[in-house]
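> what would the 3D arrangement of this be:
(one chain, ligands or ions: 2)
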Amino acid sequence: MKIAIFGVGLIGGSLALCFKGKPGITVVGHAHLPELLEPMVSRGVVDSATLSVEEAALDADFIFLCVPVGQLEHYLLLLSKLPLKKGCIISDVGSTKQSITALAEQIPWDDVYFIGGHPMAGSERSGITASSAVLFENAYYVLSPAADVPEQVCSSLEKLLQFTGAQIVRVEPGMHDDIVGAISHLPHIIAASLVNQVRTHNEENGLYRVLAAGGFRDITRIASSDPIVWRDILLSNRDVLLNLLQEWNEQIERFTRLLLERDGEGIEDEFRTAGAFRSELPERRKGMITPLFDLYIDVPDTPGIIGQIATQLGDHRINLSNMQIIESREDVPGILRLSFRQEEDWEKAKKLLSEQRYHVVV
Ligand SMILES: NC(=O)C1=CN([C@@H]2O[C@H](COP(=O)(O)OP(=O)(O)OC[C@H]3O[C@@H](n4cnc5c(N)ncnc54)[C@H](O)[C@@H]3O)[C@@H](O)[C@H]2O)C=CC1
Ligand SMILES: O=C(O)C(=O)Cc1ccc(O)cc1
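Ligands and ions are numbered 1, 2, ... in the order given. Alright, predicted model coming up:
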């Protein structure tokens with residue numbers, strides 16, 4: 001079976017890693033720039049790489065378009081003019097589904113099928129270096145097949161996607177765009193706006209940046225997402241977002257009014273209703289908002305402390321995925337962020353480090 005991946009970046013590379021090396025599967029990567037070819041193969045993400053759309057698509061059983069949303073239509077149109085293998089299934093991973101599905105429905109395919117897809121997992125990182133074979137594990141993976149796609153075609157894509165470890169859900173494109181607009185696209189706009197607001201204050205007073213190292217840094221992580229990828233997503237979901245921004249203005253207006261009227265009870269209510277709904281959100285899944293399970297510990301600024309913590313975790317067979325010093329100056333304790341891929345490791349580390357009298361915050 002031949003699988004072609006167009007755009008071997010964070011998502012395309014992660015999909016490729018899920019498929020590569022599985023019995024009977026060959027993965028071919030397509031890139032638009034020559035310098036991207038060699039790293040794809042040398043990193044072991046794909047079996048072969050090419051700049052040629054024709055060569056990548058030739059005889060492919062599955063084609064995944066993993067390029068920025070603004071490039072999807074271009075590649076779908078190119079593919080529609082090629083002699084593809086009979087029964088070939090084309091899918092995409094774009095963060096919006098309405099526009100690409102509408103285009104696919106207009107194309108007179110001949111025994112070739114398009115099924116829009118969107119793995120609801122990722123991160124603020126981008127490019128092949130950020131790709132991971134476990135990115136989609138336990139995440140939701142939306143498929144938006146057009147009504148005329150035969151059930152057995154949908155099933156064969158779903159079967160292949162089992163290699164990702166994701167849970168497939170079928171959602172109609174319009175509903176998909178409404179929902180991800182609210183839970184993903186609007187939050188990215190808000191994160192970028194918040195950071196830019198603080199950046200402006202910081203121009204006058206550098207203490208803003210220094211003190212923003214903790215909670216602010218966390219709630220704005222997604223502001224570091226790739227500008228081109230997000231430009232395309234927001235423009236593609238423009239109408240939905242214009243409505244959501246209108247609602248957002250009303251939310252902010254409500255807080256403005258509550259403050260003007262010194263309405264403490266009203267403020268309490270806002271947090272009470274928000275907290276109640278938030279506590280009903282599904283368990284943390286890898287992907288959407290927390291790609292990893294994080295712990296924060298205050299560490300004294302003594303030499304070797306980070307090595308000691310890493311060794312203790314290793315001695316207890318706790319798999320640490322990443323560690324980062326958030327702030328460390330000579331005169332203040334540092335904050336160390338420890339990230340785990342498995343919730344079980346996170347629980348074990350929390351227990352171990354608390355027992356060792358570290359101040360652990362989750
Ligand atoms: N970043 C995320 O967390 C998620 C992103 N997506 C969607 O996945 C798609 C890819 O995003 P990422 O993997 O995050 O981005 P990325 O920047 O890591 O990868 C994009 C890939 O497309 C290629 N590319 C860029 N411009 C191109 C062009 N003009 N022609 C051909 N190829 C081009 C790049 O070389 C790279 O291989 C986007 O459609 C995005 O909406 C879906 C789920 C999560
Ligand atoms: O990093 C995060 O929390 C994300 O929100 C990742 C993400 C980005 C784009 C998507 O379409 C889906 C998931």
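> flag every residue of the stretch 51-200 of the chain that's near ligand 2.
The stretch 51-200 of the chain comes close to ligand 2 at residues S95, M120, G122, S123, E124, S184, as judged by Cβ under 6 Å from any ligand atom. For the C-beta atoms, the positions are set from N, CA and C on the backbone; glycine is no exception.
> farthest-apart pair in those, please.
Spatial extent of these (Cβ to Cβ) is set by the pair M120 and E124 at 14.9 Å.
> hmm, who's touching whichever helix or strand D239 is part of?
In this structure, D239 sits in helix 238-260 according to DSSP states H and E. Contacting residues not belonging to helix 238-260 are listed as 177-178, 181-182, 185-186, 189-190, 234, 263, 266-267, 270 [Cβ atoms under 8 Å, 6 or more residues apart in numbering].
> which of those residues are buried, as a PyMOL select command?
Command for PyMOL, covering only those of these found buried under the criterion 16 or more other Cβ atoms under 10 Å:
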select buried, resi 177+178+181+182+185+186+189+190+234
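> would you list the contacts of helix 238-260 in a markdown table and tack on pLDDT and secondary structure?
Shown next, in a markdown table, are these (pLDDT from 0 to 100; DSSP: H, G, I helix; E, B strand; the rest coil):
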| residue | pLDDT | secondary structure |
| --- | --- | --- |
| D177 | 98 | helix |
| D178 | 98 | helix |
| G181 | 98 | helix |
| A182 | 98 | helix |
| H185 | 98 | helix |
| L186 | 98 | helix |
| I189 | 98 | helix |
| I190 | 98 | helix |
| L234 | 98 | helix |
| D263 | 98 | coil |
| G266 | 98 | helix |
| I267 | 98 | helix |
| E270 | 98 | helix |
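> closest one to P83 out of the contacts of helix 238-260, please.
The closest of the contacts of helix 238-260, once distances to P83 are taken by Cβ to Cβ, is D177, at 32.3 Å.
> that closest one contacts L234, doesn't it?
No. The criterion here is Cβ atoms under 8 Å, and D177 misses it with L234 at 11.7 Å.
> now the strands: where do they sit in the stretch 1-150 of the chain?
Ranges of strands in the stretch 1-150 of the chain, per DSSP state E, counting those that start in this stretch, are 2-6, 26-30, 48-50, 62-65, 89-92, 113-119, 140-145.
> next, see if the first one gets close to ligand 1.
No. Strand 2-6 stays out of contact with ligand 1 when judged by Cβ under 6 Å from any ligand atom, the minimum separation being 6.8 Å.
> and that strand, which strands flank it?
Using DSSP bridges, strand 2-6 pairs in its sheet with strand 26-30 (parallel), strand 62-65 (parallel).
> as JSON lines, those strands with distance to ligand 1, mean neighbour count and mean pLDDT would be great.
Listed next are these as JSON lines, based on distance: least, Cβ to the nearest ligand atom, whole Å; neighbours: other Cβ atoms under 10 Å; pLDDT from 0 to 100:
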{"stretch": "strand 26-30", "distance to ligand 1": "8", "mean neighbour count": "25", "mean pLDDT": "98"}
{"stretch": "strand 62-65", "distance to ligand 1": "8", "mean neighbour count": "26", "mean pLDDT": "98"}
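> can you list those strands in TSV and add distance to D294?
Putting those into TSV (distance: least, Cβ to Cβ, whole Å) gives the following:
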stretch	distance to D294
strand 26-30	32
strand 62-65	30
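> L295 pairs with what?
Here L295 sits in beta bridges with L338, as judged by DSSP bridges.
> so how far is L320 from it?
The gap separating L295 from L320 is 10 Å, by Cβ to Cβ, to the nearest Å.
> of these two, who's got more company?
Just comparing L295 and L320: by other Cβ atoms under 10 Å the higher neighbour count belongs to L295, 22 against 17.
> excluding chain neighbours, what is closest to G44?
Excluding the flanking residues, the one nearest G44 by Cβ to Cβ, 6 or more residues apart in numbering is K20, at 7.3 Å.
> quick check: N319 vs Q356, distance?
N319 is 18 Å from Q356, where distance means Cβ to Cβ.
> residues near the closest residue to A133 other than its chain neighbours, how many?
Closest residue to A133 apart from its sequence neighbours, by Cβ to Cβ, 6+ apart: L17 at 3.9 Å. By other Cβ under 10 Å, 23 other residues sit near L17.
> alright, I will stop here.
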